[in-house]
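A.B. asks: Mind folding the following:
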Amino acid sequence: MITPDYVRHMAAYNAWQNGQMDHAMGGLDEAALRAGRGAFWGSILGTANHVLWADQVWMARFGGGQAPEVVLADSAGIFPGLAAWRAAREDLDRRITRWAAGLGADDLVGTLSWHSGVLGTEVSRPIDVLLVHMFNHQTHHRGQIHAMLSDAGTSAPTTDLFLMPDAGAASRF
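C.D. replies: Have a look, this model is predicted:
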């Protein structure tokens, strides 16, 4: 279904998007970042925290680091402020990029099994589908953040994949 080049391209897109989002969030004060805006995870920072939390969970499942000690219900508060979120996000984006760089075609074949705390049961799914899910989940919630940034009166970042710097130079997936 997908190739290692696809995963590397999406890892680069993820890092680019998070950098742009960080820049836009940096133009807001803490009150604006924490203000409830009707999103599922409440605020801009809450939603950004949730995305980071979920990426940590997926990377732990894929063998790329430790899972967070916080449960899903508390994911919106995993990092208390923008500076802590930024440091963790940058570290995780580097980790995702390094992990993706080392993938081979065989790494995308097979099934991943884990215990889902949310479902309270064992789950097994194809690895390639789970990778697509991880990147899709990021995009979904960054879209919510994009809308909340606009609502907060700041310029929301460019999200179009084809506008990513060096997008045309990337290997085709």
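A.B. asks: The residue nearest the centre of the chain: what's it in contact with?
C.D. replies: Most central in the chain under Cα atoms, centre = their mean is residue 138, positioned 4.0 Å from the mean C-alpha point. Counting by Cβ atoms under 8 Å, 6 or more residues apart in numbering, residue 138 makes contact with 14, 17, 51, 54, 55. Yep, even glycine has a C-beta here, placed from its N, CA and C like the rest.
A.B. asks: Spatially nearest residue to the first one, not counting backbone neighbours?
C.D. replies: In space, residue 14 comes closest to residue 138 once its chain neighbours are excluded; the distance is 5.6 Å by Cβ to Cβ, 6 or more residues apart in numbering.
A.B. asks: Is it correct that the residue nearest to the centre of the chain falls within a strand?
C.D. replies: No. Using DSSP: H, G, I helix; E, B strand; the rest coil, the assignment for residue 138 is helix, not a strand.
A.B. asks: So which of the contacts of residue 138 are in helices?
C.D. replies: With helices defined by DSSP state H, the entries of the contacts of residue 138 inside them are 14, 17, 51, 54, 55.
A.B. asks: Would you mind measuring from the nearest residue to the second one once chain neighbours are set aside to residue 9?
C.D. replies: If I follow you right, that is residue 17. Nearest non-adjacent residue to residue 17, counting by Cβ to Cβ, 6+ apart: residue 142, 5.7 Å away. Residue 142 sits 16 Å away from residue 9, taking Cβ to Cβ, to the nearest Å as the criterion.
A.B. asks: Lovely, talk soon.
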